[in-house]
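S.K.: build the 3D model from these lines:
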Amino acid sequence: MIITDHINIPLRSSASVAVIGQFDGVHLSHQRALREAVLVARSMNAIAVAVVMPAPGEAGTEACCLTTADEKMQMLELCGVDVCVLLPSCREGVVSMAELIVPLLKERLHAMHVILAE
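M.R.: Numbers count the residues shown, from 1 in each chain. Alright, predicted model coming up:
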């Protein structure tokens, strides 16, 4: 799995299926959304991308998260994700951040399908 930030996305011309979430614990609901993205991506011959947003109030610390960053990456990879895009902290709330980022993901990642993980 490739891990990158929102600036250095390596898939500028590849089609993708993106799943957006905090993935703070990669719980069963997250896993279902991730696996759905992978299945849809494979059926479309596209790349599965997890877009990871920071938890509200998170400022470069894992104190508020249920898993460490390394554990989170391992769990995303186990779900079959090809690329993980890490977004920086933002003062906006999660929903408004997702609403702002979806058009960007479609343009930068050429996302054919976008899933919001809860």
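S.K.: what segments of this structure are helices?
M.R.: Using DSSP state H, the helices of the chain run over 28-43, 69-78, 94-109.
S.K.: in contact with the residue nearest to residue 20 when sequence neighbours are not counted, which residues?
M.R.: Distances taken as CB to CB, 6 or more residues apart in numbering put residue 51 closest to residue 20, at 4.4 Å, once the chain neighbours are dropped. In short, each C-beta sits where N, CA and C put it, glycine included. Residue 51 sits next to 18-21, 85, 87, 101, 105 when contact means CB atoms under 8 Å, 6 or more residues apart in numbering.
S.K.: drop anything exposed from these.
M.R.: The neighbour count (16 or more other CB atoms under 10 Å) marks 18-21, 85, 87, 101, 105 as buried among these.
S.K.: before we move on, the earlier item: so for residue 117, which of the helices of the chain sits nearest?
M.R.: helix 28-43 (3.7 Å; CB to CB).
S.K.: which strands or helices does that closest one pack on?
M.R.: The contact analysis (3 or more CB pairs under 8 Å, 6 or more residues apart in numbering; DSSP states H and E) places helix 28-43 against strand 16-21, strand 47-52, strand 111-116.
S.K.: ok now that helix, how far from the chain's centre?
M.R.: The chain centre lies 11 Å from the centre of helix 28-43; the measure is CA atoms, centre = their mean, to the nearest Å.
S.K.: pull out the buried positions in that helix.
M.R.: 30-31, 33-34, 36-38, 40-41.
S.K.: distance check, residue 113 against residue 68.
M.R.: 29 Å (CB to CB, to the nearest Å).
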